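> Everything below, folded, please.
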Amino acid sequence: MALQAIPKILVTGKNGQVGFELQRSLAVLGEVIAVDRDDCDLSNPDAIRDLVQRICPDIIVNPAAHTAVDKAESEVELATLLNTTAPQVFAEEAAKLGALLVHYSTDYVFDGRKNGAYLEDDVTNPQSVYGKTKLAGEDAIRASGCRHLIFRTSWVFGAHGANFLKTMLRLMQQRDALSVVADQIGAPTSASLLADVTAQIISQYLRSNNQAEFNFGTYHVVAAGETSWHGYASLVNDIAGQQGYTLKVASDAIKAIPASDYPVPAPRPANSRLNTQKLQSTFGLLLPDWQVGVQQVMTLIKQP
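Reported below is the predicted structural model:
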């Protein structure tokens with residue numbers, strides 16, 4: 001279908017970390033119709049089809065997912081509906097409309113055993129229900145033949161919603177000591193960075209002279225640099241001290257532990273590093289260091 005004069009952009013998960021930021025970043029590009037589970041139950045394929053057919057969007061942006069990684073181990077059916085079936089239905093409907101589908105995936109599609117940062121075409125080998133259902137969602141989108149962008153990311157945080165940063169900040173004001181995993185490596189990536197990158201690329205798509213030949217496909221999107229959960233927590237502690245928080249835990253009371261000391265139902269990748277060169281070179285983007293996002297979000301949280 002031909003793009004409407006003012007493109008319609010359907011955004012799912014409007015109350016999630018990324019969905020919240022997308023409403024801001026995409027507002028300048030068209031008419032944003034943002035929904036949450038009260039507007040459309042994404043575990044119901046018929047409800048998804050009805051939603052898309054009623055709105056007839058030019059672009060569908062789908063950050064909604066079952067992201068409770070440990071719960072997914074015991075909620076396999078629900079995780080499959082949200083992470084596999086819903087993206088498949090969005091893709092099928094997008095294909096009928098000639099619409100663009102932007103979908104978010106995860107480093108959990110890999111097993112985390114590679115020494116370096118993962119490339120987009122590295123062999124996938126998910127180790128958890130979450131990772132397996134997210135990979136199946138990716139595969140369903142590709143199989144649909146729709147115009148699509150799949151953005152794999154990791155360690156997402158933001159000023160809106162629950163995340164590791166906020167949990168650490170709360171615990172640092174409550175406890176005298178903390179133990180944080182130090183042998184899992186990744187790049188904390190802010191929801192606002194993901195939303196801004198998405199808006200930049202959609203803007204390029206909308207301005208493209210030949211949208212059918214756009215650089216669709218799978219891309220890795222994470223902040224630059226890397227750290228461990230322990231390194232991440234230590235930076236949060238440092239910034240919180242600078243911002244005047246009353247902290248009970250001193251920086252030397254944040255103990256580095258191996259993941260084996262903190263057993264959880266779903267295994268986490270030891271290596272969550274994602275290579276972003278494909279994204280940066282294809283779309284001419286420069287991704288900031290992860291510390292920049294942490295500083296920005298903590299400044300926002302501190303504001304009254």
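> rest of the way, CA atoms for contacts and neighbours
OK.
> Tell me which stretches of the stretch 201-304 of the chain form helices.
For the stretch 201-304 of the chain, applying DSSP state H, counting those that start in this stretch gives helices covering 229-242, 277-283, 290-302.
> Mind checking those helices for the one nearest to residue 51?
The closest of those to residue 51 is helix 277-283. By Cα to Cα, the value is 30.5 Å.
> Only the buried residues of the closest one, if you could.
Within helix 277-283, the residues that qualify as buried are 277, 279, counting by 16 or more other Cα atoms under 10 Å.
> who touches that helix?
In this structure, residues lying in contact with helix 277-283 by Cα atoms under 8 Å, 6 or more residues apart in numbering are 201, 215, 219-221, 285-287.
> Counting neighbours, what do you get for residue 11?
For residue 11, the neighbour count with other Cα atoms under 10 Å is 25.
> so what pLDDT did it get?
At residue 11, the model reports a pLDDT of 98.
> swap in residue 209?
pLDDT recorded at residue 209 is 89.
> Could you check how far the closest residue to residue 184 other than its chain neighbours is from residue 186?
Closest residue to residue 184 apart from its sequence neighbours, by Cα to Cα, 6 or more residues apart in numbering: residue 270 at 4.3 Å. Distance check for residue 270 against residue 186: by Cα to Cα, to the nearest Å, it reads 9 Å.
> These two - which one has more neighbours?
Legend: neighbour count by other Cα under 10 Å for residue 270 and residue 186, higher for residue 186 (25 against 18).
> check contacts around that one.
The contact partners of residue 186, by Cα under 8 Å, 6+ apart, come to 154-155, 226-228, 271-274.
> Kindly recompute the last result at 6 Å.
Counting by Cα atoms under 6 Å, 6 or more residues apart in numbering, residue 186 touches 226-227, 272-273.
> Residue 78 now?
Residue 78 neighbours (Cα under 6 Å, 6+ apart): none.
> Now the contacts of helix 277-283 in a markdown table, please, with extra columns for neighbour count.
Output for the contacts of helix 277-283, formatted as a markdown table (neighbours: other Cα atoms under 10 Å):
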| residue | neighbour count |
| --- | --- |
| 201 | 18 |
| 215 | 15 |
| 219 | 24 |
| 220 | 25 |
| 221 | 28 |
| 285 | 14 |
| 286 | 14 |
| 287 | 16 |
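> Can I get those in a markdown table including distance to residue 81?
Compiled in a markdown table, the contacts of helix 277-283 are given as follows (distance: Cα to Cα, whole Å):
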| residue | distance to residue 81 |
| --- | --- |
| 201 | 28 |
| 215 | 28 |
| 219 | 23 |
| 220 | 24 |
| 221 | 24 |
| 285 | 33 |
| 286 | 35 |
| 287 | 32 |
